[in-house]
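Undergrad: turn this into a structure:
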Amino acid sequence: MRPDHFRGTFRDDLPARAVYSESAGIARIVPAAVAVPADGDDVVALVRWAARTNTPLIPRGSGTSMANGAVGEGVLLDCSRFNAMGAADRATGTMVCGPGALRDDLNAAAGHAGLWFPVDPSSGAFCTVGGMCATNAAGAHSLRYGPTRAWVHGLDCVFADGSRAWIRRGQPAPRHIPAVAEFLDRVAPRLADARFALAHSGVRKESSGYALNDFAASGELVDVLVGSEGTLAVFVGVELALLPADHATASLLASFDALEDAVTAATRCTELGARAVELLDRTFLDVVRQGAALDVPSSAEAVLLIEAEGARGELAEDRMRALAACCRGSGATYVVEAPHAEAATALWAIRHAASPTLARLDPNLASLQFVEDGAVPPDHFPQYIRGVRAIFARHSLRCVIFGHAGDAHAHVNALVDVREPAWRPRLGAVLTEVTALVAQLGGTIAAEHGDGRLRASLLPRLWSPLAMELFRATKRAFDPAGILNPGVIIASEGARPFDQIKYDPALAPLPEEAAAALATVVRERRWSAFRLGLIAPVSD
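TA: Down below sits the predicted model:
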């Protein structure tokens, strides 16, 4: 049934539902319908209808969510068409855009005013700004500039009862919004005494749970909303802070025969002000070597890709040389310096070489990202990497490990042959053991991709009972009926980390048209493509 007063596109035919059943994560969940609103007021109408009919809504941008937060059983709310961008204001260093604006498009527009947006996930060419705000996304340069939260000045929000307001830093919270008043009156006063329970000490990146510790420190409601994954409000507008684009960069690659030496060098380079420090573990290097020549010693246990920054080219080169010396002093056996753009681009291409190689290795191997976002205190990073390797080996599974070494944060891609009869129990065992390892080391399982549905049921293993109770109280304050992305962050009763895995050959096939469209999205990396534009329109 079409929602009352809704002017946008609303489809409940199977091809439309199926083409929104998958995201970049591992899950497949066919929604009940798809809604593409015409504007922010249309979102208000949709949310009011959902509140009245108790219909779940799943907000979504490009569908690049790794933790399955962009798929669900209710009405899929596609916000990707809200991609308008205002002019970048050099005087204030801000820019207003729709949640569907793509990160790289926004950055290019900011560049016309001599500005740039420093948060740069590797999916920047096709991820939306709204999605970045939803997960508190980060990236290679978050080592220096931090994740998305600090760069969000304001959010135009539609709350679970259909009320709408801008939430801006430095301005009074709109207490006329019932959800805001409920949170400030019932939850906020409890946070000062609970701050010890609301953070993983020593962890440098966190996108798990609700950012109640950040709110307790700042008093800014924006800090709670960023990272809330569409569970507290629907974002229909974003105001971002920008920086002057007045810097130069230079890069280097350093190879290490010992993982501990690579981590030591990463820590020291971070302290010296490196702009980015990325780790490619031996498992990653082994995969790349199968698909391309790799000018790295075969003895390498790990490689660091490091970027330096300076106000001018020569200052960036000076810092690059200082970082190279730091790596050599920390045990690097091989160092390549790239002071200019062309050489730097060639070095950083290694970071992106694994995915196409993986696709060619074995058509029966699925790359499953289900333990892909762990971060631990830096001193424990080597123990974490070695522990993950040992867990996968114990269960006879291959994996590829890479990530943001400066933040002690690793991405893990499991390589699984889903034809094998016991593949599901083995995945479950690996997830259980890796989660226990992260808990033992005082880390987080969601550093920059959010909890989504994938990790929601695991949160009690990482967070204290007090933290979980405050997370649930926050959800109740903003969304008492539970219609906004239910099952994300706060798990639904009986939820499991993964149920319907899209690579499972036992799943019923999707309609041919939708399956072909989704295959094109993955193969051609067309994540930002409007999904309904990939299938036939419905006839009147």
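
Undergrad: phi, psi of the closest residue to A160 other than its chain neighbours?
TA: Leaving aside its chain neighbours, A160 sits nearest to D479 (4.2 Å; criterion: Cβ to Cβ, 6 or more residues apart in numbering). Heads up, the C-betas are built off the backbone N, CA and C, glycines and all. Dihedral pair for D479: phi -140, psi 70, per degrees, to the nearest 10.

Undergrad: neighbours around D479, how many?
TA: By other Cβ atoms under 10 Å, 22 other residues sit near D479.

Undergrad: does it touch E229 like I think?
TA: No - when contacts are counted by Cβ atoms under 8 Å, D479 is not listed as touching E229 (11.9 Å).

Undergrad: need the contact list for L77.
TA: Counting by Cβ atoms under 8 Å, 6 or more residues apart in numbering, L77 makes contact with A35, P37, V43, L46, L57, I58, P59, R60, V234.

Undergrad: let me see the confidence value for the nearest residue to H340 once chain neighbours are set aside.
TA: Among residues not flanking H340 along the chain, A250 sits closest, at 7.5 Å (Cβ to Cβ, 6+ apart). pLDDT, A250: 97.

Undergrad: who does A250 bridge with?
TA: Assessed by DSSP bridges, A250 has beta-bridge partners A308.

Undergrad: how near is it to G310?
TA: A250 sits 8 Å away from G310, taking Cβ to Cβ, to the nearest Å as the criterion.

Undergrad: kindly report the same for C399.
TA: Separation of C399 from G310 (Cβ to Cβ): 37 Å.

Undergrad: and D104, how many neighbours?
TA: 16.

Undergrad: report the contact partners of it.
TA: G124, A125.

Undergrad: cool, and R149?
TA: By Cβ under 8 Å, 6+ apart, R149 lies in contact with N136, A211, D214, V222, D223, V226, G227.

Undergrad: is it fair to say the last one lies in a helix?
TA: Read it as G227. No - going by DSSP: H, G, I helix; E, B strand; the rest coil, the assignment for G227 is coil, not a helix.

Undergrad: hmm, G450 and it touching each other?
TA: Yes - using Cβ under 8 Å, G227 is in contact with G450, at 6.9 Å.

Undergrad: these two - which one has more neighbours?
TA: More crowded of G227 and G450, by other Cβ under 10 Å: G450, with 32 against 29.

Undergrad: looking at C399 and G310, which is more packed in?
TA: Neighbours per residue (other Cβ under 10 Å) separate C399 from G310, with C399 holding more: 23 against 18.

Undergrad: quick check: closest non-adjacent residue to the more buried one.
TA: F392 (4.6 Å).

Undergrad: next up, the contacts around that neighbour.
TA: Contacts for F392 (Cβ under 8 Å, 6+ apart) come out as R398, C399, A414, V430.

Undergrad: in JSON lines: the residues you listed, plus secondary structure.
TA: Below are the contacts of F392 laid out as JSON lines (three-state DSSP):
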{"residue": "R398", "secondary structure": "strand"}
{"residue": "C399", "secondary structure": "strand"}
{"residue": "A414", "secondary structure": "strand"}
{"residue": "V430", "secondary structure": "helix"}
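
Undergrad: rebuild these as CSV, extending it with pLDDT and distance to E512.
TA: Listed next are the contacts of F392 as CSV, based on pLDDT from 0 to 100; distance: Cβ to Cβ, whole Å:
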residue, pLDDT, distance to E512
R398, 91, 31
C399, 92, 33
A414, 93, 28
V430, 97, 33
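
Undergrad: of these, which is the nearest to A346?
TA: Proximity of the contacts of F392 to A346 (Cβ to Cβ) peaks at C399, which lies at 26.4 Å.

Undergrad: that closest one contacts V416, correct?
TA: No - assessed by Cβ under 8 Å, C399 is found out of contact with V416, at 9.4 Å.

Undergrad: name the SS class of the residue nearest to A16 when sequence neighbours are not counted, please.
TA: What sits nearest to A16 in space, not counting adjacent residues and going by Cβ to Cβ, 6+ apart, is V34, at 5.0 Å. Here V34 is recorded as strand under three-state DSSP.
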